[in-house]
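> this one's structure only:
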């Protein structure tokens, strides 16, 4: 017996992120109470998150909240929460495609979706963006398979591949894939492209920031002058995109792009936004890939792709290696684009967290 409260949860390494997964019914009904619970669980605010389960980085201080969906043809609803590290805040405006990876297996583990023979398809509604995702999970003999030979950039070990298919990924936060109505804008004398495809992202060419684009995350994180310039651009872009002030928010995200040195289509350094991402977010991957088909954008300048009714695989160089993103255009309309990627997940623990 003790004086602590406990809540059921699971922890997954999901894609290149790590987070806690909760059933919606296990969390408080009141939003402010839920916020306080998640801060306590992660150990925020504290840069080390020493009094919680957070890993002291933006990619390891994430939460997924899952419930059975009431939408026709959809199995579950997924809500993403970014728990801030050094402030007592959470952000439920963005999504996270990496944390999404383990949503389907979590639903199977919790019995929200029946496990089928050989493969199980889980259909997910992303509450944060309105996107619809289908996941194919390997379930031979109705057993969830985590072990496998699929490797993804940013994860040292292999695991079973989880295929993710995306629809309705344009304009989720701003209403249009070109939220400023322009293919290029200028902020502080720097040319940028603002897109809202899976995630609102501001793109800047590396050489316009006096960078090569191949700097490591550690080198970028140590460049305080660069971050001040980047944040100033992000703030102005946020207003132009109709998102208001970016202060205290993780969207819009921002990235610097350049040509690839590894025979990929394009190279990127993506920011969370307070630090350089060690690899690449799934949502940003779709934004980069699809943006390459929009003539007049900075992405198309670097990686000029021709729009046609076909399926394309875009290779994106990032600090962890090459991330492959598949995009399909059933029509010649960007709004009809469909995306596919393969990620992996590892179940780290299933139990109760004390608060």
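It's in. Note that the structure is a prediction, hence the values are computed from the model and not measured. Residues are numbered from 1 along each chain as shown.

> Okay, strands next: where are they in the stretch 101-250 of the chain?
Remark: strands assigned in the stretch 101-250 of the chain by DSSP state E, counting those that start in this stretch are 118-126, 132-139, 162-167, 185-187, 190-197, 199-205.

> Point out the most buried one among these.
Here the criterion is mean neighbour count by mean count of other CB atoms under 10 Å, and of these the winner is strand 199-205, at a mean of 26. Any C-beta I mention is one placed from the backbone N, CA and C, and that applies to glycine too.

> partners of that strand, with directions?
strand 190-197 (antiparallel), strand 253-258 (parallel) (DSSP bridges).

> what would the ones you listed look like in a markdown table with mean pLDDT and distance to residue 282?
Conversion of the strands paired with strand 199-205 to a markdown table gives the following (pLDDT from 0 to 100; distance: least, CB to CB, whole Å):
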| stretch | mean pLDDT | distance to residue 282 |
| --- | --- | --- |
| strand 190-197 | 98 | 12 |
| strand 253-258 | 98 | 12 |
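
> Please dump the ones you listed into JSON lines; it should also carry distance to residue 24 for every row.
What follows is the strands paired with strand 199-205, written out as JSON lines (distance: least, CB to CB, whole Å):
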{"stretch": "strand 190-197", "distance to residue 24": "26"}
{"stretch": "strand 253-258", "distance to residue 24": "26"}
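
> so which of those gets nearest residue 332?
Of all those, strand 190-197 sits nearest to residue 332, with 16.1 Å by CB to CB.

> how about the spatially most central residue of the chain, what does it touch?
Of all residues in the chain, the one closest to the mean position by CA atoms, centre = their mean is residue 96, 2.9 Å from it. Contacts for residue 96 were tallied using CB atoms under 8 Å, 6 or more residues apart in numbering; they are 17, 19, 62, 80, 82, 281, 282, 283.

> quick one on the thing from earlier: could I get the strands of the stretch 101-250 of the chain as JSON lines with distance to residue 336?
Output for those, formatted as JSON lines (distance: least, CB to CB, whole Å):
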{"stretch": "strand 118-126", "distance to residue 336": "18"}
{"stretch": "strand 132-139", "distance to residue 336": "13"}
{"stretch": "strand 162-167", "distance to residue 336": "9"}
{"stretch": "strand 185-187", "distance to residue 336": "25"}
{"stretch": "strand 190-197", "distance to residue 336": "12"}
{"stretch": "strand 199-205", "distance to residue 336": "19"}
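
> For residue 233, which of these is the nearest?
strand 185-187 (4.8 Å).

> Not counting its own residues, what contacts that closest one?
191, 192, 193, 194, 232, 233, 236, 237, 240.

> Just give me the closest of those residues to residue 51.
Using CB to CB, the contacts of strand 185-187 come closest to residue 51 at residue 232, 33.6 Å.

> The closest one - nearest residue in space that isn't next to it in sequence?
residue 188 (5.9 Å; CB to CB, 6 or more residues apart in numbering).

> Helices - which of the contacts of residue 96 land there?
For these, the ones inside helices are 282, 283, with DSSP state H as the criterion.

> Buried ones among the contacts of residue 96?
Using 16 or more other CB atoms under 10 Å as the burial test, the contacts of residue 96 include 17, 19, 62, 80, 82, 281, 282, 283 as buried.

> check contacts around the fifth one.
Yep, that's residue 82 we're talking about. Counting by CB under 8 Å, 6+ apart, residue 82 touches 58, 61, 62, 63, 90, 91, 92, 94, 96, 250.

> now, the most widely separated pair of those residues?
The span of the contacts of residue 82, defined through CB to CB, is set by 58 and 92 at 14.8 Å.

> Confirm that residue 287 sits in a helix.
Yes. Read with DSSP: H, G, I helix; E, B strand; the rest coil, residue 287 is one of the residues of a helix.

> Distance-wise, check it relative to residue 6.
39 Å (CB to CB, to the nearest Å).

> same deal with residue 313?
45 Å.

> Enumerate every residue touching the closest residue in space to residue 285 that isn't next to it in sequence.
Distances taken as CB to CB, 6+ apart place residue 325 nearest to residue 285, at 4.4 Å, with adjacent residues excluded. By CB under 8 Å, 6+ apart, the contact set of residue 325 is 285, 286, 288, 289, 313, 314, 316, 339, 340, 341.

> Assign residue 325 to helix, strand or coil.
strand.

> Quick check: pLDDT value at it.
Looking at residue 325, its pLDDT reads 96.

> same check, this time on the one 10 residues further on
Reported pLDDT at residue 335 in the predicted model: 95.

> Shouldn't it be within a strand?
No. With three-state DSSP as the criterion, residue 335 is assigned helix and is not in a strand.

> if I look at residue 67, how far off is residue 108?
15 Å.

> okay, these two: which has more neighbours?
Applying other CB atoms under 10 Å to residue 67 and residue 108 shows that residue 108 carries more neighbours, namely 21 against 18.

> Quick check: the more buried one touching residue 116?
No. Applying CB atoms under 8 Å as the test, residue 108 and residue 116 come out as separate, 9.6 Å apart.

> any shared contact partners between these two?
Joint contacts of residue 108 and residue 116 (CB under 8 Å, 6+ apart) are residue 139.

> about what we covered before: any chance of the buried ones among the contacts of residue 96 in a markdown table, with pLDDT and distance to residue 202 too?
A markdown table is the format used below for the buried ones among the contacts of residue 96 (pLDDT from 0 to 100; distance: CB to CB, whole Å):
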| residue | pLDDT | distance to residue 202 |
| --- | --- | --- |
| 17 | 96 | 21 |
| 19 | 98 | 25 |
| 62 | 98 | 21 |
| 80 | 98 | 20 |
| 82 | 96 | 18 |
| 281 | 93 | 14 |
| 282 | 94 | 18 |
| 283 | 92 | 14 |
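
> Since that was my last question, I'll sign off now.
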